[in-house]
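[1] fold the following for me, if possible:
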Amino acid sequence: MPKLPPPIDKVGSTAIFSNWQQDFNKTVDDLMLKSNVHNCDKYTTKSGCKRKDKDSHGCKDNKWRRCKARFPRPLFAQTTVDEDSGAINMKKSEAWINIITQVVTYVFQYNTDITCLLSGTAFEAVVMYVSDYITKTSLKTHTIFDSIHSVFLKIAK
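    Sure thing, here's the model as predicted:
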């Protein structure tokens, strides 16, 4: 669980707040290194072959052998707006990490990334994903029982 910041009446004490801020930064950095750095080769051996314990080559498992997650990402020294397309380019200094919000990462204590949904295409994609998820049909009862039965059979062996 994340540690709460010091109460407002104690924020005047710079030492207390400074200690909490250092802990906050250390926690976010640790979470980022452990869970948010993309690695295209994590499912392959040093020779580039698929690991025996994995079903695929990972994000490069396509005919172009390019990262499906579009890594490495372009870097931007500051947040800008592309005048030609109107796209927002968020400040980004790490090519192998998604854009994050430190507070969200700290509160959830997990891999989080932030995407700007100001473009129509990105917003439509999210709306379609959520709509498909909400309206998908549930499994039939006999299919669920068949799955449970097969699990029990595997355990019994």
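[2] how many other residues sit next to residue 136?
    Using other C-beta atoms under 10 Å, residue 136 has 8 neighbouring residues. To be clear about C-beta, it is placed using only N, CA and C from the backbone, and glycine gets the same treatment.
[3] all helices for the protein, in order.
    Using DSSP state H, the helices of the chain run over 14-35, 102-108, 120-135, 141-156.
[4] and of the ones you listed, who's closest to residue 85?
    Of all the helices of the chain, helix 120-135 sits nearest to residue 85, with 10.9 Å by C-beta to C-beta.
[5] off-centre distance for the closest one?
    Distance, stretch centre to chain centre, for helix 120-135: 18 Å (C-alpha atoms, centre = their mean, to the nearest Å).
[6] now that helix - C-alpha only, CSV.
    The C-alpha trace of helix 120-135 is given here as CSV (Å, rounded to 0.1, in the frame of the first residue of the first chain):
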residue,chain,number,x,y,z
GLY,A,120,-10.7,11.3,-32.8
THR,A,121,-9.2,8.0,-33.8
ALA,A,122,-7.8,7.1,-30.3
PHE,A,123,-11.1,8.1,-28.7
GLU,A,124,-13.2,6.0,-31.2
ALA,A,125,-10.9,3.0,-30.6
VAL,A,126,-11.5,3.2,-26.8
VAL,A,127,-15.2,3.6,-27.2
MET,A,128,-15.3,0.6,-29.6
TYR,A,129,-13.2,-1.6,-27.2
VAL,A,130,-15.4,-0.7,-24.2
SER,A,131,-18.6,-1.3,-26.2
ASP,A,132,-17.4,-4.7,-27.4
TYR,A,133,-16.4,-5.7,-23.9
ILE,A,134,-19.7,-4.6,-22.4
THR,A,135,-21.9,-6.2,-25.0
